[in-house]
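Q: Structure for the following, please:
(chains A and B)
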Amino acid sequence: MTEERLRLRFAPSPTGHLHLGGARTALFNWLLARHTGGTFILRIEDTDRSRSTEEYEAAILEAMRWLGLDWDEGPEVGGSRGPYRQTERTDLYRAAADRLLREGKAYRCTCSAEELDARRKEAEARKVPFRYDGRCREKGEVPGRPFALRLRIPDEGTVVVDDLLRGRVEFPNRDLDDWILLRSDGTPTYNFCVVVDDVGMGITDVLRGDDHLSNTPKQVHLFRALGHSLPRFAHVPMILGSDRTRLSKRHAATAVLAYRDEGYLPEAVVNYLARLSWSAGDQEIFTREELVAKFSLEGTGKSAAVFNPEKLKWVNAEKMRALSPEALGERLLPHLERRGWKPPDRAWIGRLAVAMQERAQTLGEIADAAAFCFAEPERDARAAAKWLVPSVAPALRDLLAGLEAATGWEEAAVKPLFESTLARHGLKMAALAQAVRVALTGKDVSPPIYDVLWLLGRERSLARLRRALDAIEAPTP
RNA sequence: GGCCCCGUCGUCUAGGCCGGUCUAGGACAUCAGGUUUUCAACCUGGUAACACGGGUUCGAAUCCCGUCGGGGUCACCA
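A: Got it, this is the predicted structure:
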């Protein structure tokens, strides 16, 4: 398999955002394509016109690009490559349907949706499984009556799906329907388009979610009816929520772009998703190149994986630490701007990045940690009561005087002032640093104190220190 | 309910094909200690799993059968 150049596809329908589960399926397809030097195709399954929107499609493409999952084929649109869209391929489905009808492999069914519904309900009431009985198989055309096109499926026998991950899976034909290829309005259904397109696009390996395994026998019959050999199938496990049901909004944010907006790195999302139902020994952190080099179906498991937001955060933290301060700063900028904050310059962002790189798990957390620089912070009463106490006032005043006279504002200039103050007043660093911290940031948790001073700047730092001192020394009413 | 898939620490997983080297390894989380200007990071240590029952075998997490549990799917949705 590593010799063969595979042709793989990811086929989302634009009826919602790209979610974590879809992204993982896309990633596995992409990884396998890149690993084998093959081809990765993106196909938009928009046959359901009523639920598909252009906005969702655009969002899916944006998410794919953000994750770095680039596709190789598709129509040229304005210099860039668009995905394939099923709505632009209706002629193909029409032609395939005509042929199947002509060859007697499909037939017209004039049962109305209402009739079918009634029969289904009746079957349910009698507690027998409902299955279309094929009553229109020999009926032929009924003039003036709308019809759906159904695929003829044998009553006896079994279909075998040879799954790369699950092995040989058998489905009795009696459990399968003569399923609908074309609706009575002439539009093709999902399962029909999928097969026509997988054939037409020369897909060698259908890698998709586990939830499609039960669709597969139906599709296998269609591949055969179309006279085409089967692709290989691999049904990958799904991603579950903490209660072990299909991951949904109930469990966590599911939209890929929501993670971008919260300050996750795309390489972290990719790394985390790759490790769900896949592993390569004990390795947890992978570069994109390592993933491409090491990914294979051999390392892929068969049981569903529960999404764990904590571990995603950890991976993200690891990825943030792997970045240079400049690169991290680069990624940080949009998150500052999103909050309406305008950082003074690159050096400032770089300093923030260095100060926070080991203290935050997302870019959003780093940005939030800089809040004290962009607005007058509210002073946390409990923190102030604990640290801004009369006993540190003399030392604070002493430090303030030193800072006012200081010629520089870098750590090298400021640190000796702290140390000499400590020595003169017999204080512990904690007492002084915490007091300054609360004075400058309003809180008792912040980036390292010298970074806080630098980020805030000389004037504002001095002003906040003076104000804090005034507050301590003011006679309590 | 029918059909199908799955079942190792709370979670992600290694090991299972080629039974002994597994008193089951790693990671996240968690707990304790260390370090420390806060918070982190970091270091050390700990708690924690082969779903259950049979069988095969000298020996089973690993092979077989069954049970139970979980999930998926049963549309003129995708």
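Q: What about A:G134, how many residues nearby?
A: 15 (other Cβ atoms under 10 Å). (C-beta placed from N, C-alpha, C; glycine too.)
Q: In space, what's closest to it - neighbours in sequence excluded?
A: The shortest distance from A:G134 to any non-neighbouring residue, by Cβ to Cβ, 6 or more residues apart in numbering, is to A:D178 (5.3 Å).
Q: I'd assumed A:P154 was in contact with the one you found.
A: No. A:D178 lies out of contact with A:P154 (Cβ atoms under 8 Å); the separation is 10.0 Å.
Q: what about the helices in the stretch 1-150 of chain A?
A: Under the criterion DSSP state H, counting those that start in this stretch, helices of the stretch 1-150 of chain A are mapped to A:20-35, A:54-67, A:90-102, A:113-125.
Q: and among the ones you listed, the most buried is which?
A: Ranked by mean neighbour count under mean count of other Cβ atoms under 10 Å, the helices of the stretch 1-150 of chain A are led by helix A:20-35, which reaches a mean of 24.
Q: So is it next to RNA strand B?
A: No. Judged by Cβ under 7 Å from any atom of the strand, helix A:20-35 makes no contact with RNA strand B; its nearest approach is 9.8 Å.
Q: next one: stretch A:245-263
A: Yes. Residues of stretch A:245-263 contacting RNA strand B under Cβ under 7 Å from any atom of the strand: A:T245, A:R246.
Q: For that stretch, give the mean pLDDT please.
A: Across stretch A:245-263, the average pLDDT comes to 92.
Q: Could you check which of A:D178 and A:P154 has the larger neighbour count?
A: Neighbours were counted for A:D178 and for A:P154 using other Cβ under 10 Å; A:D178 has more, 23 against 12.
Q: what's that one sitting at in phi/psi?
A: For A:D178, the backbone dihedrals (degrees, to the nearest 10) come out as phi -80, psi 90.
Q: show me the contacts for it.
A: Going by Cβ atoms under 8 Å, 6 or more residues apart in numbering, A:D178 touches A:Y107, A:C109, A:Y132, A:G134, A:R137, A:R150, A:L151, A:R152, A:I153.
Q: need the residues you listed in CSV with distance to A:E337 and pLDDT, can you?
A: Shown next, in CSV, are these (distance: Cβ to Cβ, whole Å; pLDDT from 0 to 100):
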residue, distance to A:E337, pLDDT
A:Y107, 60, 96
A:C109, 57, 94
A:Y132, 57, 93
A:G134, 62, 89
A:R137, 64, 92
A:R150, 56, 96
A:L151, 54, 97
A:R152, 60, 96
A:I153, 57, 96
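Q: quick one: which two of the residues you listed are the most distant?
A: Farthest pair in those (Cβ to Cβ) is A:C109 and A:I153. Separation: 12.8 Å.
Q: thinking again about what came up before, out of the contacts of A:D178, who's near RNA strand B?
A: Okay, of the contacts of A:D178 touching RNA strand B (Cβ under 7 Å from any atom of the strand), that's A:C109, A:Y132.
Q: Tell me the one among the contacts of A:D178 nearest to A:P75.
A: The closest of the contacts of A:D178 to A:P75 turns out to be A:L151 (Cβ to Cβ; 29.2 Å).
Q: Isn't that closest one up against A:A225?
A: Yes. A:L151 lies in contact with A:A225 (Cβ under 8 Å); the separation is 6.4 Å.
Q: okay, and the common contacts of the two?
A: By Cβ under 8 Å, 6+ apart, A:L151 and A:A225 have these common neighbours: A:L100, A:K105, A:A106.
Q: Dump those to TSV, plus pLDDT.
A: As requested, the shared contacts of A:L151 and A:A225 are arranged in TSV below (pLDDT from 0 to 100):
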residue	pLDDT
A:L100	97
A:K105	96
A:A106	96
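Q: of these, closest to RNA strand B?
A: Taking Cβ to the nearest atom of the strand as the measure, RNA strand B lies nearest A:A106 of the shared contacts of A:L151 and A:A225, at 13.3 Å.
Q: List the contacts of the closest residue to A:V159 other than its chain neighbours.
A: Nearest non-adjacent residue to A:V159, counting by Cβ to Cβ, 6+ apart: A:P217, 4.1 Å away. The contact partners of A:P217, taken as Cβ under 8 Å, 6+ apart, are A:V159, A:V161, A:F171, A:L176.
Q: In TSV, list the residues you listed along with secondary structure.
A: Shown next, in TSV, are those (DSSP: H, G, I helix; E, B strand; the rest coil):
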residue	secondary structure
A:V159	strand
A:V161	strand
A:F171	strand
A:L176	coil
